[in-house]
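K.L.:
Give me a 3D structure for the following:
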Amino acid sequence: PQSEAGQALRAPILARLRKNELKRYAFGIDTRAGRRIVKISEATTFGNRLVGLLGSTARREHKFHRRTDSLGLAASRSLGFLELRRGPLLVRGLHVQTVVDPGRELFETAFQREFERDPKKALESFAQSLARVHARGFFHADLKGFHVYIDPRGLTFIDLGRVGFRMSRRRRIINLYQALRFMVPPEPQAQ
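P.N.:
Numbers count the residues shown, from 1 in each chain. This is a model prediction of the structure:
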């Protein structure tokens, strides 16, 4: 049974969903095979539908997820995708993945704890972990603390719709900027 507070939080989201006003959303679902994460991307405009001729966000994320997983950098596994089309035009894409292994911790939680103990050591450790990821040619274009998990093996990632597999100087700088802006606590040195 859902609590009244939970229903109140969900009501505006469900209303927007019924009106086809949400572009992307995700939810968890229990299946006989275990808990799954379902990500849905809607083609809400004619332009989105045209771009969908080349493939959906779900298809792209599935492909990138498989490649990231082969590098040992995906925090969950992609189980597949579906596309709903009207003729050749995309209506909706759906991507299914496993939940993140409970042994992994969100980067922002782990980093904050380590940063409070020893800021210099925490920054050095993070820089080395990010350098190892870059050495594999992996670029996450939406690098934020809640898209990154950490465990003894290093950094692993979720939300893989915007990644790349060729590293360049420009991409390294983008990731460093994102890390300093979204992942490292604001300090004068980071600014």
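
K.L.:
Could you measure from T156 over to R60?
P.N.:
Here the criterion is C-beta to C-beta, to the nearest Å. By it, T156 lies 19 Å from R60. From N, CA and C alone the C-beta is placed, and that goes for glycine too.

K.L.:
Compare these two (neighbour count), which wins?
P.N.:
Set T156 next to R60 and count neighbours by other C-beta atoms under 10 Å: T156 wins out with 22 against 19.

K.L.:
Quick check: chain neighbours aside, which residue is closest to that one?
P.N.:
A75 (4.0 Å; C-beta to C-beta, 6 or more residues apart in numbering).

K.L.:
Show the contacting residues for that neighbour.
P.N.:
For A75, the contacting residues are V100, D101, R104, Y149, T156, F157, I158, by C-beta atoms under 8 Å, 6 or more residues apart in numbering.

K.L.:
before we move on, which element is the fourth one in?
P.N.:
In the assignment (DSSP states H and E), Y149 maps to strand 148-151.

K.L.:
Could you list the low-confidence segments of this protein?
P.N.:
Applying pLDDT under 70 to the chain flags the ranges 1-2, 5-6, 20, 185-191.

K.L.:
Show me the residue at the heart of it, geometrically.
P.N.:
D159 (1.5 Å; C-alpha atoms, centre = their mean).

K.L.:
helix/strand/coil for that one?
P.N.:
Recorded secondary structure, D159: coil (DSSP: H, G, I helix; E, B strand; the rest coil).

K.L.:
Kindly list the main-chain dihedrals of the residue lying closest to F165 once chain neighbours are set aside?
P.N.:
In space, and not counting its chain neighbours, F165 is closest to G137: 5.3 Å by C-beta to C-beta, 6+ apart. As for G137, its main-chain torsions (degrees, to the nearest 10) stand at phi 80, psi 20.

K.L.:
State the number of residues packed around G137.
P.N.:
Neighbour number of G137 under other C-beta under 10 Å is 13.

K.L.:
Strands along this protein, start to end?
P.N.:
Under the criterion DSSP state E, strands of the chain are mapped to 24-31, 34-42, 78-86, 89-98, 105-106, 139-140, 148-151, 154-157, 163-164.

K.L.:
Would you give the sheet partners of the first one, along with the direction of each?
P.N.:
Looking at strand 24-31 with DSSP bridges, its paired strands and their directions are strand 34-42 (antiparallel).

K.L.:
Show me what counts as buried in the strand it pairs with.
P.N.:
Neighbour counts using 16 or more other C-beta atoms under 10 Å place R36, I37, V38, K39, I40, S41, E42 of strand 34-42 among the buried residues.

K.L.:
May I see the residues you listed organised as TSV, with distance to L22 added?
P.N.:
TSV is the format used below for the buried residues of strand 34-42 (distance: C-beta to C-beta, whole Å):
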residue	distance to L22
R36	19
I37	16
V38	13
K39	12
I40	8
S41	9
E42	6
